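Engineer: Build me a model:
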Amino acid sequence: MSRPAARTAGSRAVVLTCLAVTVLDGIDLLMFGAVMPVLIQNKEWGITAVEAGFIGSLSLIGMMLGAMLAGYLTDIVGRRPIVLACVASFSIFTGLCAVATNLQMFGAFRLLAGLGFGGALPTVIALTMEYVRIERRQFYNGVIQTGFPIGGAIISVIAIFVIPAFGWHSLFAAAGVIGIGLFVVAYRNLPESLAFLVARGRHEEAQALAERYDLGRSAESAVALQAAPPVADGRRRSALRTLFVPGFRLATVLFPLISFFGLLVSYGMNTWIPQILRSTGYDLGSALTFLLAFNIGSAIGMVVLTGLADRFGSRKVISTGFVLGALAVATLTLGPAQGVVFALVLLIGFCASSQTAVYGFAGIYYPAASRGTVLGLCTGLGRLGGVVGPIMVGLIMATSAGATGAFWAFAAVGLAASVLVAAVPRTGLADRRPEARPVVEPGASESPATA
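Structural biologist: The predicted structure follows:
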């Protein structure tokens, strides 16, 4: 195999494995929603609608805590062990949901599985960015996050046939088995971060990995290997402290806020689109078509917007995406024809994927040694937006403002996110020219670049 081919194959294995992790994450996100009607209808363990909603929230809480904890730990113990631990955790506890004997046990397993799912995302984003070309890091971040809509589509189709034939337990059992298989694949394919190894003086291990994956000079991990040795331990800052040094501290506050608003829109729209449009006169079939349009637009936006961010800059692309999404939502208040609504919802889904680019922006804004921590904060605290969004829309729909009020609320949130993106200081590594973006150890003499 030629060296370029070997290099491509090595990077491809990392990207595809990380994509597989997010596909399984997407499957889990919608799996409980797929089985919830059956649980309520069959009065499984005497579950009520309120209890079902609480169980759904437990998973989100687990994801929030898992993201922040794993994001922090991945900068301390390395990417590879955290990814493997997360995959093993969500596989085991998702599988155990199939044999739960009461509601409390089922809820506990969902919470513990959520810890693994939440922790996997910031870790695979961080690892992917280090094994692809520096100028394409945003794009591949978008590629691996298409796993969420892919996984959601897979479970939506499978549930239609599997639940009537084998019962709801079979979905969780199958997901657990698939997860164990994914663990084996991840164990074979996922390397450690070279930036992590170099920062800790493990140069021989780093060099061996670089030779195995035949990394070219364009990969961030190769840049880390070629960089000067890190400064003495006494001058090193922890990953968490690095986020609050001058040049980074304001962005450390803004990125989680942006993620909060971005996920508020995504989760709120995904939960309420059918009901909102049905309340404005469209039939249920049309409303479900709009939900499909939103998710198709979202999947397309994940790769298009992140690719554009690589070319034109994250700040400009993300801000524009949020503004266009807000304008599209505001246009829905005019009650346009069904065909126009379909196009607008497709555009809204596309623009909602600006949140995917936010993760990429945060990832390239900070040094690699603190990337996992900041991504953990973004994905973890951002999950709160996913919790607040559906609740906020439900409260608005219960008032006289109704669907129009919900649309204006979404538009306002999108504009607020755009303003926050524009407010991110131009002092991070993302605002350097590509050739001036070396992986630096926190606390080294090199300070954040100024625009």
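
Engineer: Can you pull the poorly scored residue ranges out of the stretch 101-250 of the chain?
Structural biologist: Applying pLDDT under 70 to the stretch 101-250 of the chain picks out residues 214-238.

Engineer: Show me the helices in the stretch 1-150 of the chain, by range?
Structural biologist: 3-41, 49-77, 79-97, 103-130, 137-145, 147-166 (DSSP state H, counting those that start in this stretch).

Engineer: Which neighbouring elements make contact with the fourth one?
Structural biologist: Here helix 103-130 touches helix 3-41, helix 49-77, helix 79-97, helix 137-145, helix 220-226, helix 354-365, helix 371-397, going by 3 or more Cβ pairs under 8 Å, 6 or more residues apart in numbering; DSSP states H and E. For glycine as for every other residue, the C-beta is placed from the backbone atoms N, C-alpha and C.

Engineer: Buried deepest among these, which one?
Structural biologist: Counting by mean count of other Cβ atoms under 10 Å, helix 354-365 has the highest mean neighbour count of these, with a mean of 28.

Engineer: Put the alpha carbons of it into CSV.
Structural biologist: Taking C-alpha atoms only, helix 354-365 is exported to CSV below (Å, rounded to 0.1, in the frame of the first residue of the first chain):
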residue,chain,number,x,y,z
SER,A,354,-25.1,25.6,12.9
GLN,A,355,-24.9,24.0,16.4
THR,A,356,-22.8,21.2,14.9
ALA,A,357,-20.3,23.8,13.6
VAL,A,358,-20.3,25.4,17.1
TYR,A,359,-18.7,22.3,18.5
GLY,A,360,-16.1,22.4,15.7
PHE,A,361,-15.5,26.1,16.4
ALA,A,362,-14.9,25.4,20.1
GLY,A,363,-12.7,22.5,19.2
ILE,A,364,-10.3,24.5,17.1
TYR,A,365,-10.4,27.6,19.3
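
Engineer: packing partners for it?
Structural biologist: Here helix 354-365 is seen to pack against helix 103-130, helix 137-145, helix 249-279, helix 284-312, helix 314-332, helix 371-397, helix 402-423 when contacts are counted using 3+ Cβ pairs under 8 Å, 6+ apart.

Engineer: mean confidence for it?
Structural biologist: Taken as a whole, helix 354-365 carries a mean pLDDT of 91.

Engineer: for stretch 275-288, same thing?
Structural biologist: 65.

Engineer: pretty sure residue 137 contacts residue 309?
Structural biologist: No. Counting by Cβ atoms under 8 Å, residue 137 does not reach residue 309; the two are 9.5 Å apart.

Engineer: and for those two, which residues touch both?
Structural biologist: Common contact partners of residue 137 and residue 309 (Cβ atoms under 8 Å, 6 or more residues apart in numbering): residue 360.

Engineer: Residue 172: neighbour count?
Structural biologist: When neighbours are counted by other Cβ atoms under 10 Å, residue 172 registers 25.

Engineer: hang on, I meant residue 339
Structural biologist: Per other Cβ under 10 Å, the neighbour tally for residue 339 reads 8.

Engineer: tell me the SS of it?
Structural biologist: Three-state assignment for residue 339 (DSSP: H, G, I helix; E, B strand; the rest coil): helix.

Engineer: What sits closest to residue 55 if chain neighbours are left out?
Structural biologist: residue 107 (5.1 Å; Cβ to Cβ, 6 or more residues apart in numbering).

Engineer: The one you found and residue 57 touch, don't they?
Structural biologist: No. With contact defined as Cβ under 8 Å, residue 107 does not reach residue 57; the gap is 9.7 Å.

Engineer: ok, so what distance separates the nearest residue to residue 33 once chain neighbours are set aside from residue 62?
Structural biologist: Sequence neighbours aside, residue 56 is the residue nearest to residue 33 in space, at 7.4 Å (criterion: Cβ to Cβ, 6+ apart). Remark: distance between residue 56 and residue 62 (Cβ to Cβ, to the nearest Å) = 11 Å.

Engineer: where are the low-confidence patches of the stretch 351-451 of the chain?
Structural biologist: By pLDDT under 70, the low-scoring segments of the stretch 351-451 of the chain are 431-451.

Engineer: again, only using 50
Structural biologist: 434-451 (pLDDT under 50).

Engineer: Contacts only, for residue 273.
Structural biologist: 287, 290-291, 294, 345.

Engineer: What is the nearest of these to residue 166?
Structural biologist: residue 291 (26.1 Å; Cβ to Cβ).

Engineer: Quick check: the closest one touching residue 271?
Structural biologist: No. Between residue 291 and residue 271 there is no contact under Cβ under 8 Å: 9.6 Å.

Engineer: need the helices and strands packed on helix 354-365 in a markdown table with distance to residue 49, can you?
Structural biologist: Listed next are the helices and strands packed on helix 354-365 as a markdown table, based on distance: least, Cβ to Cβ, whole Å:
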| stretch | distance to residue 49 |
| --- | --- |
| helix 103-130 | 13 |
| helix 137-145 | 31 |
| helix 249-279 | 14 |
| helix 284-312 | 19 |
| helix 314-332 | 28 |
| helix 371-397 | 13 |
| helix 402-423 | 21 |
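
Engineer: Compare those and give me the one nearest residue 206.
Structural biologist: helix 103-130 (11.4 Å).

Engineer: between that closest one and helix 79-97, how many degrees?
Structural biologist: 150 degrees (axes from the mean of the first three to the mean of the last three Cα atoms, to 10 degrees).

Engineer: Helix 103-130: which residues count as buried?
Structural biologist: By neighbour count with 16 or more other Cβ atoms under 10 Å, helix 103-130 contains the buried residues 103, 106-130.
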